[in-house]
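[1] Any chance you can model this:
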Amino acid sequence: MRTQIIGRNIAYYRKEKGLTQKELATQMGIPANLISHYETNRLRVTADLLYKFAQSLDTSADKLIGLNVSSESERKLSLKIVKRMNQIEKLDLTNQKALLKTIDNYLRGAKENN
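    Residues are numbered from 1 along each chain as shown. Below is the predicted model:
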């Protein structure tokens, strides 16, 4: 059962990264036809290969085997927050403090209303 999840997740993260099976195979140093076999669960992924897949796909082995996977909407939300944090860090210190104070006040009010 877990091996089916691994193959599906390898395909998902490969596509999310914009890689073809051939590109991923080249990056990992394995024959291109094996990627298809792993994604369609015709071959089992060894622990060593799981680690290589995770590195090549910029993800964790946990996510490839189906553990600690957040939903698509949570991932997008996190990216939006990170982008905004990067923008905040580029502000001068006075504007950073003012903005963070505003955010803190908002969060305090939201917490009280819940």
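[2] Secondary structure class of residue 45, three-state.
    Three-state call for residue 45 (DSSP: H, G, I helix; E, B strand; the rest coil): coil.
[3] I'd like to know how many residues surround it.
    22 (other C-beta atoms under 10 Å). C-beta coordinates here come from the backbone N, C-alpha and C atoms, glycine included.
[4] That one touches residue 53, doesn't it?
    Yes. If you go by C-beta atoms under 8 Å, residue 45 and residue 53 touch, sitting 6.8 Å apart.
[5] Quick check: neighbours shared by those two?
    Residues touching both residue 45 and residue 53 (C-beta atoms under 8 Å, 6 or more residues apart in numbering) are 10, 38, 64.
[6] Quick one: which of those is the most crowded by neighbours?
    residue 10 (26 neighbours).
[7] can you pull the pLDDT of the residue located most distally from the centre of the chain?
    Distance from the C-alpha centroid of the chain, by C-alpha atoms, centre = their mean, peaks at residue 94 (33.4 Å). We note a pLDDT of 94 for residue 94 in this prediction.
[8] show me the residues around it that make contact.
    Residue 94 neighbours (C-beta under 8 Å, 6+ apart): none.
[9] how close does it sit to residue 112?
    Plainly put, residue 94 is 28 Å away from residue 112 if you go by C-beta to C-beta, to the nearest Å.
[10] swap in residue 58?
    39 Å.
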